[in-house]
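Colleague: Sequence and predicted structure below; questions after.
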Amino acid sequence: MTNSIVELENADCILVIGSNTTSSHPLVATRIFRAKARGAKIVVADPRFVQLANKADLYMRHKLGTDVALINGMMNVILSNGWHKQDFVDERTEGFEEFRKVVEQYTPERVSEITGVSAEDIRTAADWYANAKAGSIVYCMGITQHTTGVDNVKTLANLSMLTGHIGRESTGVNPLRGQNNVQGACDMGGLPNVYPGYQPVNVAANKEKFEKAWNAKLSDKVGLTIPGVLEGLSAGSVKAVVIVGENPMVSDPDVHHVEKALKNAELLVVQDIFLTPTAELAHVVLPGASFAEKDGTFSNTERRVQRVRKAVEPVGDAREDWKIFQDLSTRFGYKMEYGSPAEIMAEISSVTPSYGGISFERLEGDGLLWPCPSAEHPGTKFLHQGKFSRGRGLFHAIEYKPPAEQIDAEYPFWLSTGRIHVHYHTGTMTRNSPTLHKEMPEGFLEVNPVDARALGVKSGDAVRVASRRGEVVIKVDITARVTQGTVFMPFHFVETCANLLTNPANDPIAKIPEYKVCAVQLEKAL
Amino acid sequence: MVEKVKARVQELLASGKVKGFIGLRELHGHIGPYLFTDGGDLDGFVIGDRKAAGDTRYPLNTQLIMISRQYPEETLGVLVRGCDERGLKTLFNTNQLKPEKVVSVGIACPQELADVCECMKPFPEEFVAGEASEARPFGSVERIESIEIGERLKVWLGEFAKCIKCYGCRNICPMCYCPECTLEAKDFQAVGSIASENPIFHLTRALHMAGRCIDCGLCSEACPADIPLRTLYKKIADIVDLEFQYRPGYQDSKGKMSPNVLGEAAKH
Amino acid sequence: MEYRTVLTTCTYCGCGCGFYLEVLDGRVVGTIPCKTNPVSEGKLCVKGWNVHEFIHSPKRLTQPLLRKDGALTPVSWDEALDFTAKRMREIKEANGSDSVAFLASAKVTNEENYLIQKFARAAVGTNNVDHCARL
């Protein structure tokens, strides 16, 4: 997030797009409710009638995958009414003219045809957001999990720059990160192209710096993303894979393909706290520690680094994960001998400028929001004040592109996937929690009442859902949360695994799969 | 103020009158519940005022019940404000705790906290620190009742529509001890559905607070949707008082209904 | 009589809510939201409230497993780690550093992620490190 969570309370207009906030980030929803109580306008844009839509001043139900068109339409209205902040555009950005030419093509009437949202609603949304004192954008995987994920995000960045709603309190472009430490895993260099602190591996100075710090020879070749690793396994160029605390056999698109790839590995090592479907395929399974069994830090979605504290010893012979890695590394021939996570953090801060001032001592109390470059620095509540990280903010001229897979006579329904409030990701933890399991023991498929009638199914009946990649038999939940022609399935349940169906087509830059849109057929299961 | 409380706790622990004392401790820059077992080590002992009076109140009676169940023979001490004491009395009456196994150490709430809470008795019977503040009427109930009834229903339904069904109102409640909870009964609430789709969830809980709620307000403070649950339960308490002349935990209750009868009923 | 409360950060979504884990005689038995956490202010969702429930699940992995004759078989840490280090070294030597890949984790700590990528880059010599940021 460019801005901190608490700042949302004081926004005057919040555009929530592609986020089922009350389910997936409930404590962010708290701040949105508070903004609403203060009188802020809440605009919710989502193809599915998420709970927050109940409280929205304006709800826009755009068709799956039409986000770029919708936002371009809002910007078209903003430009034609002169609601944009020309000063901000002139002083802080570049690429505006080329951008304007594209946006001018997206009249509300044309956008209405693409998105299914009325021209009037597009105008209202544009008016409220552009003319708010502080306008904030909140988005989640509904924006990113598309073949146009990067385009979608850039379009939201365009909207914030056009209206000057960035670099100030209670504004910004605020992605809600789905995992407790996905921010931290990125910050720590758990990515194929960057060292910790987003320092590119293919920049010579960075390589030299880390070679010196780590006393090792490093590669300047950008590594493989997860889809690349799976391709490598299938092609035979990747032979060994170490998977820590992840479960691609449930979480990745087109699970049949994932299984084939993983089975090709000469060495598959899985480190986890439960025997997940992925661990079942492994040659070696290493029992790690749960969050309650170790010390360390997590970085949340607003870049706040907070302490994790050990409450109990790991169960059985399970070990703290950092101890496992350093033991493995030492046995491999590269010695690691850290005495504690605090010691590791001291090394992190020495090589990671944005974590330069972070130490366990300083994290007592409220933690610290990075960038925190020095021991005296108080941390950074919101980014891009006065200047963007890259200097001038770059407008991107972006055209709407439809999703990779289209419905047709054989596969006539759109399928979208996501989370529900009770469960978390592949269910490894929540489905092993009796209270949560009782609350929601099995998966379901949301079907619109009109479609249900045509299929001849009642709530609780089973249907067979099939895509070009696989099929699932699952109970239906008849609800108007989804529109006619669209169905929704949570992906937490391995027995009714949504990712047997999803399309692995991914964004050309971010490599994020299009979980939010694919084509399926339905029939009543007998 | 805290020194007086500490001295009392020290004495209780040192003399062996209590095996442990459930209070609050400041550590890592935050205040949370803590079991003190050594009178010589009361480091970080606080009474729960961090930035404002009573801003770190916790349901200490819940911890007390949990530890007492594990160690039924031991006598334990607990820090109480007026509301906590009302809770204790009700928990004694409903056989959740044994009065002879509990030693409470009372503190009186400052007026600013009593004002925010609209507390009818912001101090326990006996307290070692603080001064008895004035009682305050339930202004929040009056305010919402001044709204026309149709509109009022809309206000409440609008509040319930924010519910994310975290069960936090129940989980934080020091008076919710039932082994089986009606909120999880499938007749009332479809499996997995969110409460906003069925306002019965909150009305069910409100009814179950009758004769039980001691008006501590922890439910409202725990609600991620800022639903004014305390106001709802204050109203329920008013109704019970009107119909049965009973308010849980109040010494001066006229008590037409025996608290024990209510207790048995509450246990189903 | 051991009852402790340990202040920590939630392991589920990215909000970063703070709570106390309640430990009674060596077992985590409850969760109490921390009133003064800057994000959660004493509130939690249904997942957070029940986060203690999986910790002592009987289904937890409690010892290393090695595939022997097709089946995952309990072994000592020494055997599991020696086998892994040896096989990784053989594969690296036969096929080059980039034949090895790592999936770091959005679930483990910063310190642990740092060690995973350091192991991949400094020990194995590959930038094949990714995690489920996209999922």
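Modeller: Received the coordinates, thanks. From a predicted model like this one, the values you see are computed outputs, not experimental measurements. Numbering: from 1, shown residues only, chains lettered A, B, ... in the order given.
Colleague: what does the helix ranked longest in chain C contact?
Modeller: Longest helix in chain C, counting residues (DSSP state H): helix C:77-95. Outside helix C:77-95, the residues that touch it by C-beta atoms under 8 Å, 6 or more residues apart in numbering or on different chains are A:237, A:239-240, A:242, A:266-267, A:269, A:283-284, A:286, A:317, A:319, A:324, A:327-328, A:331-333, C:64-66, C:75, C:99-100, C:124-125. Every C-beta, even on glycine, is put in place using the N, C-alpha and C of the backbone.
Colleague: is stretch A:351-367 anywhere near chain C?
Modeller: Yes - using C-beta under 8 Å from any C-beta of the partner chain, stretch A:351-367 reaches chain C at A:366, A:367.
Colleague: how many neighbours does residue 132 have?
Modeller: Assuming you mean chain A. 20 (other C-beta atoms under 10 Å in any protein chain shown).
Colleague: could you do chain C instead?
Modeller: A count of nearby residues for residue C:132, using other C-beta under 10 Å, gives 24.
Colleague: May I have the phi/psi pair for it?
Modeller: phi -80, psi 30 (degrees, to the nearest 10).
Colleague: And residue B:97, by the same measure?
Modeller: phi -140, psi 150.
Colleague: In contact with it, which residues?
Modeller: Residue B:97 makes contacts with B:61, B:64, B:65, B:68, B:88, B:91, as judged by C-beta under 8 Å, 6+ apart.
Colleague: let's see it at 10 Å
Modeller: Contacts for residue B:97 (C-beta atoms under 10 Å, 6 or more residues apart in numbering or on different chains) come out as B:61, B:64-65, B:68-69, B:76, B:78, B:87-91, B:177.
Colleague: Kindly report the same for residue A:237.
Modeller: Neighbouring residues of residue A:237 by C-beta under 10 Å, 6+ apart: A:224, A:228, A:229, A:231, C:95, C:96, C:98, C:99, C:101.
Colleague: So it versus residue A:264, what's the distance?
Modeller: 11 Å (C-beta to C-beta, to the nearest Å).
Colleague: which of the contacts of residue A:237 are buried?
Modeller: The neighbour-count test (16 or more other C-beta atoms under 10 Å in any protein chain shown) marks A:224, A:228, A:229, C:95, C:98, C:99, C:101 as buried among the contacts of residue A:237.
Colleague: Residue A:105: which of the residues you listed is nearest?
Modeller: Closest to residue A:105 out of those is residue A:228 (35.0 Å), distances taken as C-beta to C-beta.
Colleague: what's the span of stretch A:348-355 from first residue to last?
Modeller: 7 Å (C-alpha to C-alpha, to the nearest Å).
Colleague: Now the residue nearest to the spatial centre of chain C: phi and psi?
Modeller: Nearest to the mean C-alpha position of chain C, counting by C-alpha atoms, centre = their mean, stands residue C:108 at 4.3 Å. In terms of degrees, to the nearest 10, the main-chain angles of residue C:108 are phi -90, psi 170.
Colleague: what pairs with residue A:271 across the strands?
Modeller: Per DSSP bridges, the residues bridged to residue A:271 are residue A:244, residue A:286.
Colleague: what's near enough to touch it?
Modeller: Applying C-beta under 10 Å, 6+ apart to residue A:271 gives the contacts A:242-246, A:279, A:282, A:284-288, A:319, A:321, A:324-325, A:328, C:61, C:64, C:84, C:103, C:105, C:108, C:112, C:116.
Colleague: rerun at 7 Å
Modeller: Counting by C-beta atoms under 7 Å, 6 or more residues apart in numbering or on different chains, residue A:271 touches A:244, A:245, A:286, A:288, A:321, A:324.
Colleague: Just among the residues you listed, which is most surrounded?
Modeller: When the contacts of residue A:271 are compared by neighbour count (other C-beta under 10 Å), residue A:321 ends up highest, at 31 neighbours.
Colleague: need the next SSE after the helix or strand where residue A:463 lies, C-terminal direction.
Modeller: Residue A:463 belongs to strand A:462-466 when assigned by DSSP states H and E. Remark: after strand A:462-466, the chain's next helix or strand is strand A:471-478, criterion DSSP H and E.
Colleague: CA atoms of that next one as PDB?
Modeller: Once non-C-alpha atoms are left out, strand A:471-478 reads as follows in PDB (Å, rounded to 0.1, in the frame of the first residue of the first chain):
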ATOM      1  CA  GLU A 471     -13.800 -31.000 -13.800                       C
ATOM      2  CA  VAL A 472     -15.200 -30.800 -10.300                       C
ATOM      3  CA  VAL A 473     -18.400 -32.000  -8.800                       C
ATOM      4  CA  ILE A 474     -19.700 -29.500  -6.200                       C
ATOM      5  CA  LYS A 475     -22.700 -28.400  -4.300                       C
ATOM      6  CA  VAL A 476     -24.500 -25.300  -5.500                       C
ATOM      7  CA  ASP A 477     -25.400 -22.200  -3.500                       C
ATOM      8  CA  ILE A 478     -28.100 -20.300  -5.400                       C
END
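Colleague: Could you report the neighbour count for the residue in the stretch 351-500 of chain A that chain C sits nearest to?
Modeller: Relative to chain C, the nearest point of the stretch 351-500 of chain A is residue A:433 (3.7 Å; C-beta to the nearest C-beta). By other C-beta under 10 Å, the residues close to residue A:433 number 24.
Colleague: if you skip the residues just before and after it, what's nearest to it?
Modeller: residue C:53 (3.7 Å; C-beta to C-beta, 6 or more residues apart in numbering or on different chains).
Colleague: quick one, what contacts the closest residue to chain B within the stretch 251-400 of chain A?
Modeller: Closest residue of the stretch 251-400 of chain A to chain B, C-beta to the nearest C-beta: residue A:365 (3.1 Å). Residues near residue A:365 by C-beta under 7 Å, 6+ apart: residue B:29.
Colleague: one more time with 8 Å, if that's ok
Modeller: B:28, B:29, B:30.
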